[in-house]
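Engineer: missing the sequence, but the structure's below:
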């Protein structure tokens, strides 16, 4: 009887938590995009346009690509993956601070705001990803995802890392106020170190030994091996998943330890 009652209490708490997260996600959409349907379109068009600009610039700058017969495919697998990862984790960074008034309600916890925002951002980027890869496939008149199962795993890994890093960012940015400035300054160095403009495996060993510590690089590499039959990769799946797990664990522990402070600042 005691076990049954505990299971029922857990199920009730889980349902309540899902309702809170759902309400936060709906509020997130309403606050960001309002009632105008064009705002929802812009929410998809903004990241897509940014990626498009990157592609145009680099395609014009190079007569031929490092990534085989298609500079477009090589660039999009790099830029899309990097922008998705940094975009999600960057938006989630402000999940707690931007929902501070709602944390006065007893059922709303900092982690709920993180999950809600990460869900919205992930859905937006998955739609953008679908649009871009479909468009590239039509433009090149060939299949650009040669290993569908690997591509699905790559996307899951990218989303897991993005959520974990975003949760870590959200908690640390409250506890260490200047962390947000550090995060913003890391944009360009991370972009240059993530193998977007070059094949990482072709870098000199002394440089590669440093680059492989960057989890963003492994996100890009994982997506690329799903798009090329013979891509020479430096991907370390175990390393990426380990870093993601550590970031998420640290974020969850800190969120629980400093929950009162996170809810009041």
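Structural biologist: Noted; the coordinates are in hand. On a predicted model such as this, the values are computed, not experimentally measured, just so you know.

Engineer: which one is residue 150 nearest to, not counting chain neighbours?
Structural biologist: Nearest residue to residue 150 in three dimensions, chain neighbours excluded: residue 226, at 4.1 Å (CB to CB, 6 or more residues apart in numbering). (Glycine included, C-beta is placed from N, CA and C.)

Engineer: Quick check, pLDDT for the one you found.
Structural biologist: pLDDT recorded at residue 226 is 89.

Engineer: And for the one 10 residues further on?
Structural biologist: Residue 236 carries a pLDDT value of 95.

Engineer: Who are the contact partners of it?
Structural biologist: 212, 218 (CB atoms under 8 Å, 6 or more residues apart in numbering).

Engineer: ok, so what distance separates it from residue 177?
Structural biologist: Going from residue 236 to residue 177 by CB to CB, to the nearest Å gives 33 Å.

Engineer: tally of neighbours for the residue nearest to residue 150?
Structural biologist: 20 (other CB atoms under 10 Å).

Engineer: Contact partners for it?
Structural biologist: Contacts of residue 226 (CB under 8 Å, 6+ apart): 145, 146, 147, 148, 150, 151, 154.

Engineer: Next, work out how far apart it and residue 162 are.
Structural biologist: Distance from residue 226 to residue 162, by CB to CB: 17 Å.

Engineer: Then residue 211?
Structural biologist: Taken as CB to CB, the span from residue 211 to residue 162 is 20 Å.

Engineer: higher neighbour count, those two?
Structural biologist: Neighbours were counted for residue 211 and for residue 162 using other CB under 10 Å; residue 162 has more, 25 against 18.

Engineer: Please pick the buried ones from the contacts of residue 226.
Structural biologist: 145, 151, 154 (16 or more other CB atoms under 10 Å).

Engineer: Residue 170 is in contact with residue 95, correct?
Structural biologist: Yes: in this structure, residue 95 is within contact of residue 170 by CB atoms under 8 Å, at 4.9 Å.

Engineer: Report the mean per-residue pLDDT for stretch 130-145.
Structural biologist: Stretch 130-145 comes out at a mean pLDDT of 80.

Engineer: In that stretch, which residues are buried?
Structural biologist: 132, 133, 136, 144, 145.

Engineer: How about the secondary structure of the fourth one?
Structural biologist: Okay, so that is residue 144. Secondary structure state of residue 144, per DSSP: H, G, I helix; E, B strand; the rest coil, is coil.

Engineer: and the nearest residue to it once chain neighbours are set aside, what helix or strand is that in?
Structural biologist: Spatially, and ignoring its direct neighbours in sequence, residue 144 is nearest to residue 137 (4.8 Å; CB to CB, 6+ apart). According to DSSP states H and E, residue 137 maps onto helix 110-140.
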